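Asker: here are the coordinates; sequence isn't available:
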């Protein structure tokens, strides 16, 4: 479980960096994922997870990221 948590934190770091690269740091009013990235909270599953429909196997083994802006909030 510790490896999965660390991997999720890595994915969150990459996604957060991508957001900063695309929109700039000034565009982020409150970064909800940062405390989880630093290990200060254990709610990384709130931001990083699966769609609940596909299982990892030989046909579905690629990771994807999605950037959404919903009501002015970036959802990673």
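Answerer: Nice, thanks for sending it over. The structure presented is a predicted model; accordingly, all values stated were derived computationally and were not measured.
Asker: CA atoms for contacts and neighbours, from now on please.
Answerer: Noted.
Asker: Which stretches in this structure count as strands?
Answerer: 68-70, 73-75 (DSSP state E).
Asker: averaging pLDDT over each of these, which comes out lowest?
Answerer: When those are compared by mean pLDDT, strand 73-75 comes last with a mean of 52.
Asker: in the lengthiest helix in the chain, what counts as buried?
Answerer: For the chain, the helix reaching the highest residue count under DSSP state H is reported as helix 2-23. Going by neighbour count (16 or more other CA atoms under 10 Å), the buried part of helix 2-23 is 5, 8-9, 11-13, 15-16, 19.
Asker: go on, stretch 22-38?
Answerer: 32-34, 36-37.
Asker: Can you get me the start-to-end distance on it?
Answerer: End-to-end distance for stretch 22-38: 22 Å, by CA to CA, to the nearest Å.
Asker: And for it, what's in contact with it?
Answerer: 9-10, 12-13, 16, 20, 41-44, 47, 74 (CA atoms under 8 Å, 6 or more residues apart in numbering).
Asker: got those residues as JSON lines, with distance to residue 27 columns?
Answerer: Below are the contacts of stretch 22-38 laid out as JSON lines (distance: CA to CA, whole Å):
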{"residue": "9", "distance to residue 27": "22"}
{"residue": "10", "distance to residue 27": "22"}
{"residue": "12", "distance to residue 27": "17"}
{"residue": "13", "distance to residue 27": "17"}
{"residue": "16", "distance to residue 27": "12"}
{"residue": "20", "distance to residue 27": "8"}
{"residue": "41", "distance to residue 27": "23"}
{"residue": "42", "distance to residue 27": "25"}
{"residue": "43", "distance to residue 27": "23"}
{"residue": "44", "distance to residue 27": "22"}
{"residue": "47", "distance to residue 27": "18"}
{"residue": "74", "distance to residue 27": "9"}
